[in-house]
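Student: need coordinates for the below:
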Amino acid sequence: MVTARRRSARRSWTATLVTGVAGVVLGGLFGVPAQAAAHGPTDAHGAAAVAVRAPGGSGVGVPNPITYLPKNINANGPLSAADRDLVYKVKLAGSWEGPASDMAIKKGASERVRQVGNEIGPQHHRLDEFATAAAARLGVPLPTEPSAEQKGWLAEMQRATGPEFDRVYVDRLRAAHGKIFPAIATVRASTRNDVVRELAAQANSFVLTHLTLLESTGLVDYESLPQAPPPAPAQAAAIAADAARNGSLLTGAQAGGGVGGVSPVVIWMVLAAALIAGAYSLVRLIRSR
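Tutor: Predicted coordinates for the structure are as follows:
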C-alpha cells in the first residue's frame with residue numbers, strides 16, 4: 001500500500017515538474033519575443049533599436065527628402081495620365097499663386113501675411129522653374145496663363161483691402177494647396193518616371209511648407225476645409241476576418257498580432273492548458289499525501 005502511494009506520489013511530482021518546465025519554456029518562447037516586440041524593433045544582432053525622439057528632444061532634425069534624390073535621373077520611363085497632369089498642375093499653380101503672393105507683400109494688412117507672401121512668392125517662382133524644366137524633358141505641354149477660376153481669385157484679391165485681403169489670400173491659397181497635396185503624394189508613390197518622381201518630391205516639399213506658412217497666420221478657417229474620405233478597412237482586419245472564416249489560427253504574422261507566425265489565441269490557449277494541467281497535478285499530489 002505504501003509502495004503504491006510512493007509510486008503515485010512520484011508520478012504526480014514528475015507530472016508537476018514536467019508541466020512546470022513546459023510552462024516556463026513556452027512562456028520564454030512566446031512571452032519574451034512578444035515583450036521585445038512591444039518595446040520596439042531590434043537590430044541585426046537582436047539588440048533593442050534606439051527610437052528616434054521628436055525634433056527638439058534629442059537634436060535630431062526633420063529630414064529633407066530632396067537631399068536624397070538621385071543625381072542621374074532617367075526621363076525615358078513610362079508616363080501615365082496622372083504624371084502628365086501633375087506636371088501641368090504644378091505649373092498652373094505657380095501661374096497664380098506667385099502673383100497672389102507678390103500681391104500679399106504689397107497689400108497684406110498684417111506683418112505676418114506680408115512675411116508669408118515674401119516666402120511663398122519666391123518659392124513658387126522656383127517651383128515653376130522645376131516644372132518648366134521637367135516638362136521640357138518629358139515633352140509635356142504647359143499652360144501659359146491661370147485658369148478662369150484662378151483669374152477670379154486674383155481679381156478677388158485685387159478688390160480686397162485691409163484684413164479682408166489677408167483672409168481672402170490665406171483662404172484661397174490654403175484651399176488650393178490642400179487639393180493638390182494628396183495628388184502629389186499619389187503620383188510620388190506610383191510614378192514609373194524618374195523626372196516626374198523628382199518633380200513630385202520637390203513639389204511635395206514646397207506645398208507642405210506653404211501649407212504650414214499659411215496656417216501660421218492664424219487665419220485658416222479649418223471648419224470650411226473638406227473632410228477626408230472615410231478610410232478603407234485595414235488590411236490586418238480583413239486578414240483576421242478571413243482567417244476566422246477559414247478556421248485558421250496560424251495567421252499572427254500576417255495579421256500583425258502574433259509572434260513567429262503564431263496567433264495570440266494559440267499562445268494563450270497553450271499557456272492556459274499548461275496552467276490547468278499544473279494545477280490539476282498539484283491537487284492530486286496534495287491529496288495523495
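
Student: okay, CA-based contacts and neighbour counts for the rest of this
Tutor: Noted.

Student: run through the residues that contact the closest residue to residue 108 other than its chain neighbours.
Tutor: The shortest distance from residue 108 to any residue other than its chain neighbours is 5.2 Å, reached at residue 114 (Cα to Cα, 6 or more residues apart in numbering). Under the criterion of Cα atoms under 8 Å, 6 or more residues apart in numbering, the neighbours of residue 114 are 104-108.

Student: in JSON lines: those, plus distance to residue 163.
Tutor: Output for the contacts of residue 114, formatted as JSON lines (distance: Cα to Cα, whole Å):
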{"residue": "104", "distance to residue 163": "11"}
{"residue": "105", "distance to residue 163": "14"}
{"residue": "106", "distance to residue 163": "13"}
{"residue": "107", "distance to residue 163": "10"}
{"residue": "108", "distance to residue 163": "8"}
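
Student: what would those look like in TSV with pLDDT and secondary structure?
Tutor: Formatted as TSV, those follow (pLDDT from 0 to 100; DSSP: H, G, I helix; E, B strand; the rest coil):
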residue	pLDDT	secondary structure
104	97	helix
105	97	helix
106	96	helix
107	96	helix
108	97	coil
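
Student: of the residues you listed, buried ones?
Tutor: 104-105, 107-108 (16 or more other Cα atoms under 10 Å).

Student: of all the residues you listed, which comes closest to residue 196?
Tutor: For the buried ones among the contacts of residue 114, the minimum distance to residue 196 (Cα to Cα) is 30.5 Å, reached by residue 104.

Student: just checking, that closest one touches residue 112?
Tutor: No - taking Cα atoms under 8 Å as the definition, residue 104 is not a contact partner of residue 112, at 10.1 Å.

Student: overlap in contacts, these two.
Tutor: By Cα under 8 Å, 6+ apart, no residue touches both residue 104 and residue 112.

Student: tell me how far the ends of stretch 75-87 are from each other?
Tutor: With Cα to Cα, to the nearest Å as the measure, the ends of stretch 75-87 fall 13 Å from one another.

Student: can you pull the phi/psi pair for residue 77?
Tutor: Backbone geometry at residue 77, expressed as degrees, to the nearest 10, gives phi -70, psi 160.

Student: in contact with it, which residues?
Tutor: Taking Cα under 8 Å, 6+ apart as the test, what residue 77 contacts is 192-194.

Student: can we see that at 6 Å?
Tutor: Residues near residue 77 by Cα atoms under 6 Å, 6 or more residues apart in numbering: 192-193.

Student: just residue 75 next, same as before
Tutor: Contact analysis of residue 75 by Cα under 6 Å, 6+ apart lists residue 195.

Student: looking at this, it is in a helix?
Tutor: No - read with DSSP: H, G, I helix; E, B strand; the rest coil, residue 75 is coil and lies in no helix.

Student: and it, what pLDDT?
Tutor: Residue 75 is assigned 81 on the pLDDT scale.

Student: distance of it from residue 231?
Tutor: Applying Cα to Cα to residue 75 and residue 231 gives a distance of 34 Å.

Student: rounded mean pLDDT for the helix or strand in which residue 125 is found, please.
Tutor: Under the criterion of DSSP states H and E, residue 125 resides in helix 111-138. The average pLDDT within helix 111-138 is 96.

Student: let me know the closest of the contacts of residue 114 to residue 153.
Tutor: Nearest to residue 153 among the contacts of residue 114 is residue 104, at 13.1 Å by Cα to Cα.

Student: after the helix holding residue 125, next one along is what?
Tutor: As assigned by DSSP H and E, the chain's next helix or strand after helix 111-138 is helix 148-159.

Student: what's the angle from the next helix or strand after that next one to helix 111-138?
Tutor: The helix or strand immediately downstream of helix 148-159 is helix 162-190, counting by DSSP H and E. For helix 162-190 against helix 111-138, the angle by axes from the mean of the first three to the mean of the last three Cα atoms, to 10 degrees is 30 degrees.
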